[in-house]
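# Here is my input, please return the structure:
(one chain, ligands or ions: 3)
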Amino acid sequence: MKSAKSYIDENKQRFIDELIELLKIPSISADSAYKADLILTAETVKDSLQKAGCDSVEICETPGYPIVYGEKIIDAKLPTILVYGHYDVQPPDPLDLWDSPPFEPVIKKTEIHPEGAIFARGSCDDKGQMYMHVKALEYMTSTGQLPCNVKFMIEGEEEVGSESLSWFVERNHEKLANDVILISDTGMIAPDVPSITTGLRGLSYVEVEITGPNRDLHSGLYGGAVANPINILTKMIASLHDENNHITIPGFYDKVDELSLEERAKMAEAPFSKEAYKKSIDIDDIYGEKGYTTNERNSIRPTLDVNGIWGGYIGEGAKTVIASKAYAKISMRLVPNQNWEEITDLFIKHFESIAPVGVRAKVTPHHGGQAYVTPIDSLGYKAAEKAYERTFGKTPIPQRSGGSIPIVALFEKELESKTILMGFGLDSDAIHSPNEHFGIWNYLKGIETIPQFYHYFTEMSK
Ligand code: BES
Ligand code: MN
Ligand code: MN
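Ligands and ions are numbered 1, 2, ... in the order given. Purely as a prediction, here's the structure:
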């Protein structure tokens with residue numbers, strides 16, 4: 001029987017070329033100007049699933065962007081793996097910080113990717129990682145080694161909150177019935193330190209607006225005598241953290257799942273270099289909530305961050321003006337037991353209550369989702385562990401991530417199955433940033449490891 005390794009060796013160039021074609025389509029879900037590109041991407045994914053051996057593939061219409069659904073059912077008595085991924089990407093802005101255009105993929109070597117990496121928006125998040133599953137399926141079907149049933153569900157709105165996917169999942173329990181959900185949309189610690197993501201943070205995303213006078217005013221004639229919305233907004237934002245970097249919203253931490261000292265000690269065993277961390281993003285020191293390590297701050301602790309802030313005059317030169325309005329976009333990353341809707345309500349109440357007289361505060365919730373943690377004694381986790389042991393020669397480390405894939409908690413609620421997060425990206429791959437890239441070694445290693453998961457999951461289900 002042909003091994004995945006030799007199949008990959010023979011088809012390596014084609015695997016890379018096909019991904020490059022997919023990366024050329026600017027499927028930016030946040031910007032409605034790219035609607036036709038999202039549809040084209042969905043069709044391209046559909047064709048690729050058909051070619052990879054799915055029996056039926058369809059484009060499922062939703063109130064938003066379509067979902068690509070495909071399946072290959074070989075025997076109803078065998079287990080079924082549901083693969084989820086997303087074909088949409090983040091906006092590439094700011095464009096001038098890219099070394100090559102975001103939708104004209106190029107391969108370049110880097111220190112951490114000596115075999116080369118594909119530079120393009122979506123290369124790692126998530127087209128490249130999603131496509132590993134398509135190519136792994138191709139390998140299994142074309143060499144007669146698919147051991148179980150498989151369903152694919154690839155959506156186009158992950159980067160904007162997966163609203164249509166929730167709608168779809170709620171209406172298609174039977175179609176989506178499965179024994180385990182498999183996702184590659186996270187990362188791993190390092191090429192020689194494989195890890196399995198066991199947790200994702202939840203999210204509450206809000207926009208705030210502060211209104212002062214009914215029009216922009218001359219900052220000399222009125223300055224000092226009326227509340228300046230930008231001054232007030234920055235003051236209000238600053239007050240959301242105390243001197244220990246704890247969040248000051250009353251009730252914010254009430255339901256936070258605190259880890260035991262044993263669990264924290266276990267977490268601290270994961271390799272981490274503070275010096276390398278600082279160097280990789282060029283900061284002279286780390287920063288964050290008192291009493292927690294960097295790895296705890298960015299995974300098991302909730303946060304509040306301003307993502308954007310604007311108002312007043314930002315053109316060339318100076319303009320003496322007091323703006324009528326000031327705005328900010330704020331995200332809160334949440335941890336298990338915090339309910340995102342409750343947290344959004346707490347934020348709104350608190351933010352409105354700290355607005356001083358002279359201004360009005362308005363909060364508009366955007367989207368959110370619950371955090372997720374998965375046990376490491378499940379069948380799925382054990383199968384994934386064995387798969388990595390086979391292809392990396394090392395036991396993977398369980399690791400809770402700071403990122404969010406809000407739909408994962410919904411999968412558990414609606415479909416009652418566990419999700420296994422087998423990510424092959426690296427933190428340095430610059431997802432959401434300029435010059436996003438995905439290592440070719442990582443891409444091919446993913447294609448090699450995924451069939452092993454199918455194998456062990458089927459074996460262990462017997
Ligand atoms: N793939 C990421 C999430 C991710 C990346 C999790 C790396 C863990 C490690 C996903 O596409 C993403 O960007 N999610 C958003 C949330 C969404 C609601 C916009 C996020 O985390 O900001
Ligand atoms: Mn993603
Ligand atoms: Mn993303």
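# Within range of ligand 1, give me the residues from the protein.
125-126, 158-159, 161, 185-187, 200, 203, 401, 403-406 (CB under 6 Å from any ligand atom). For glycine as for every other residue, the C-beta is placed from the backbone atoms N, C-alpha and C.
# what do you get if the cut-off is 5 Å, keeping everything else the same?
125, 185, 186, 187, 401, 403, 404 (CB under 5 Å from any ligand atom).
# Next, work out how far apart the third one and ligand 2 are.
Okay, so that is residue 186. With distances taken as CB to the ion, to the nearest Å, residue 186 is found 8 Å from ligand 2.
# Quick check: chain neighbours aside, which residue is closest to that residue?
residue 423 (3.1 Å; CB to CB, 6 or more residues apart in numbering).
# Phi and psi next, for the closest residue to residue 92 other than its chain neighbours.
Counting by CB to CB, 6+ apart, residue 92 lies nearest to residue 102, which is 3.7 Å off, once chain neighbours are set aside. Main-chain torsions, residue 102, degrees, to the nearest 10: phi -60, psi -20.
# what's around residue 102, how many residues?
By other CB atoms under 10 Å, the residues close to residue 102 number 23.
# pLDDT score assigned to it?
pLDDT, residue 102: 98.
# Name the residue of the stretch 301-450 of the chain that lies nearest to ligand 2.
residue 405 (6.6 Å; CB to the ion).
# Between the two ends of stretch 71-85, how far is it?
14 Å (CA to CA, to the nearest Å).
# So that stretch, near ligand 2 or not?
No. Stretch 71-85 lies out of reach of ligand 2 by CB under 5 Å from the ion, never closer than 8.0 Å.
# What residues of that stretch count as buried?
71, 72, 78, 79, 80, 81, 82, 83, 84, 85 (16 or more other CB atoms under 10 Å).
# For those, could you give me TSV that also reports distance to residue 389 and pLDDT?
Shown next, in TSV, are these (distance: CB to CB, whole Å; pLDDT from 0 to 100):
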residue	distance to residue 389	pLDDT
71	29	98
72	26	98
78	23	98
79	20	98
80	24	98
81	19	98
82	24	98
83	21	98
84	24	98
85	24	98
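# which non-adjacent residue is nearest residue 360?
Per CB to CB, 6+ apart, closest to residue 360 is residue 211, 4.7 Å.
# quick one: the one you found from residue 314, how far?
To residue 314, residue 211 is 18 Å away according to CB to CB, to the nearest Å.
# if we can go back for a sec, identify, from the buried residues of stretch 71-85, the entry nearest to residue 142.
Nearest to residue 142 out of these is residue 72 (CB to CB; 12.1 Å).
# so that closest one touches residue 55, yeah?
Yes. Applying CB atoms under 8 Å, one finds residue 72 in contact with residue 55, separated by 5.1 Å.
# between these two, what contacts are shared?
Common contact partners of residue 72 and residue 55 (CB atoms under 8 Å, 6 or more residues apart in numbering): none.
# picking up where we left off before, quick one: contacts for the residue nearest to residue 92?
Going by CB under 8 Å, 6+ apart, residue 102 touches 26, 92, 95, 120, 121, 434, 436.
# want to throw these into JSON lines with pLDDT?
Shown next, in JSON lines, are the contacts of residue 102 (pLDDT from 0 to 100):
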{"residue": "26", "pLDDT": "98"}
{"residue": "92", "pLDDT": "98"}
{"residue": "95", "pLDDT": "97"}
{"residue": "120", "pLDDT": "98"}
{"residue": "121", "pLDDT": "98"}
{"residue": "434", "pLDDT": "98"}
{"residue": "436", "pLDDT": "98"}
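# Show me which of the residues you listed is closest to ligand 2.
Of all those, ligand 2 sits closest to residue 436, with 11.0 Å by CB to the ion.
# Of all the residues in stretch 245-259, which ones are buried?
Of the residues in stretch 245-259, 245, 247, 249, 252, 259 count as buried by neighbour count, 16+ other CB under 10 Å.
# Quick check: the farthest pair among the residues you listed?
Applying CB to CB across these, the maximum distance is between 249 and 259, 21.4 Å.
# hang on, residue 368 packs against residue 201?
No. Look at residue 368 against residue 201 with CB under 8 Å: they stay out of range, at 11.0 Å.
# what's the overlap in contacts for those two?
residue 334.
# Could you pull out the buried residues of the helix or strand hosting residue 38?
If you go by DSSP states H and E, residue 38 is part of helix 35-51. Burial within helix 35-51, assessed by neighbour count using 16+ other CB under 10 Å, is assigned to 37, 38, 39, 41, 42, 44, 45, 46, 48, 49.
# Does anything pack onto that helix? Which helices or strands?
When contacts are defined as 3 or more CB pairs under 8 Å, 6 or more residues apart in numbering; DSSP states H and E, helix 35-51 packs onto helix 4-23, strand 56-60, strand 67-72, helix 127-142, strand 149-155.
# sorry, back to before: so which of the residues of the chain next to ligand 1 comes closest to residue 351?
residue 404 (21.4 Å).
# Surely the closest one touches residue 202?
Yes. The pair residue 404 / residue 202 is scored as a contact, 6.4 Å apart, by CB under 8 Å.
# what's the overlap in contacts for the two?
Applying CB under 8 Å, 6+ apart, one finds that residue 404 and residue 202 are jointly contacted by 333, 369, 371.
# Count the residues that sit near the last one.
This means residue 371. 25.
# circling back: let's have the helices and strands packed on helix 35-51 in CSV, adding distance to residue 318.
As requested, the helices and strands packed on helix 35-51 are arranged in CSV below (distance: least, CB to CB, whole Å):
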stretch, distance to residue 318
helix 4-23, 43
strand 56-60, 53
strand 67-72, 50
helix 127-142, 44
strand 149-155, 46
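# Identify whichever of those lies nearest to residue 446.
Closest to residue 446 of the helices and strands packed on helix 35-51 is helix 127-142 (CB to CB; 3.7 Å).
# Tell me the buried residues in that closest one?
For helix 127-142, by 16+ other CB under 10 Å, it's 127-141.
# circling back to that earlier point, for residue 211 and residue 314, work out which one has more neighbours and name it.
A side-by-side neighbour count of residue 211 and residue 314, using other CB under 10 Å, places residue 211 first with 17 against 7.
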